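Student: Sequence plus the predicted model coming up.
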Amino acid sequence: MCAMARPRKPLLSTDRIVATARALVDAEGLAALSTRRLAAELGVSGPSLYNHFRTKNQILEAVADSVSSQVDLSMFEDGRDWRTALHDWAVSYRAALRDHPNIVPVLARGPGRRPAGLRVADAVFGAMVDAGWPAAQATSIGALMRYFIMGSAIGSFAGGFVDDESAYDPADYPRLGQAHLLAEQQEKVDERAFETGLRALLDGLVAQYEELAGPGA
């Protein structure tokens with residue numbers, strides 16, 4: 001018998017479509033993604049994508065969920081106290097968004113029906129309730145953390161300043177004499193700002209938690 005010839009291109013799969021779409025969005029932004037462009041990147045005909053996804057929006061949702069799946073949730077299961085768990089989860093969540101900033105607008109819509117996104121929401125809410133937070137406040141904490149993390153991933157504060165010293169005339173901006181140095185220190189400035197804000201946010205929640213527990217708790 002003659003052996004069957006190997007296919008010239010790797011077989012199309014959901015995972016391959018999502019990985020290719022994610023790479024395209026990472027490199028060129030959401031506007032670059034179309035079914036025609038994606039099919040070309042995969043080396044297939046456009047209609048073959050419809051065996052896996054009916055619409056471009058479904059592909060975007062899958063890409064967003066693939067990023068959510070990169071967020072570590074182990075801290076909610078290994079005995080860490082709720083404050084430490086929230087801190088470590090926030091760091092992991094921001095790292096995933098920092099690696100894939102162009103998909104943040106899709107993630108910002110909320111988890112919808114995305115499985116990984118719903119697992120994130122379930123883990124955070126469940127951990128807060130298990131720690132003794134009332135359900136309504138646990139929901140607010142989940143929302144608050146998402147607002148803070150998403151906001152930190154939308155853009156860079158330091159990166160918003162140009163590295164041209166002449167842009168900051170001391171006659172007009174007497175306190176921005178070092179602003180031109182921010183761009184080259186972008187990562188350090190943004191990481192420090194995130195940690196400062198996260199600590200302040202969590203310290204505030206601890207104070208509320210102690211009030212909730214009451215005297216002598």
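Tutor: Now that the structure is in, tell me what you want to look at.
Student: just the helices in the chain please.
Tutor: Counting by DSSP state H, the chain has helices at residues 14-28, 35-42, 56-68, 82-99, 104-107, 115-130, 135-154, 186-213.
Student: Return the residues in contact with the spatially most central residue of the chain.
Tutor: With distances taken as Cα atoms, centre = their mean, Leu97 lies nearest the centre of the chain, 3.0 Å away. Contact partners of Leu97, counting by Cβ atoms under 8 Å, 6 or more residues apart in numbering, are Val67, Val104, Leu107, Ile149, Met150, Ser152, Ala153. In this view, the C-beta of every residue, glycine as well, is placed from N, C-alpha and C.
Student: If we use 7 Å, what do you get?
Tutor: Val104, Ile149, Ala153 (Cβ atoms under 7 Å, 6 or more residues apart in numbering).
Student: Test my guess that Met75 contacts His87.
Tutor: No: contact status for Met75 versus His87: not in contact, 8.5 Å apart, counting by Cβ atoms under 7 Å.
Student: Show the low-confidence segments of this protein, by residue range.
Tutor: The model of the chain has pLDDT under 70 over residues 1-10, 214-217.
Student: measure the residue nearest to the centre of the chain to His52 for me?
Tutor: 25 Å (Cβ to Cβ, to the nearest Å).
Student: so what are the domain limits for the chain?
Tutor: 14-67, 71-213 (automatic domain parsing).
Student: Excluding sequence neighbours, find me the nearest residue to Phe53.
Tutor: Ile59 (4.9 Å; Cβ to Cβ, 6 or more residues apart in numbering).
Student: Correct me if wrong: the one you found contacts Tyr50.
Tutor: No: Ile59 is beyond contact range of Tyr50, at 10.6 Å (criterion: Cβ under 7 Å).
Student: Those two - which one has more neighbours?
Tutor: Under the criterion of other Cβ atoms under 10 Å, the comparison of Ile59 against Tyr50 puts Ile59 first, with 24 against 11.
Student: what residues are up against Arg22?
Tutor: Taking Cβ under 7 Å, 6+ apart as the criterion, Arg22 is in contact with Val63, Ser66, His100.
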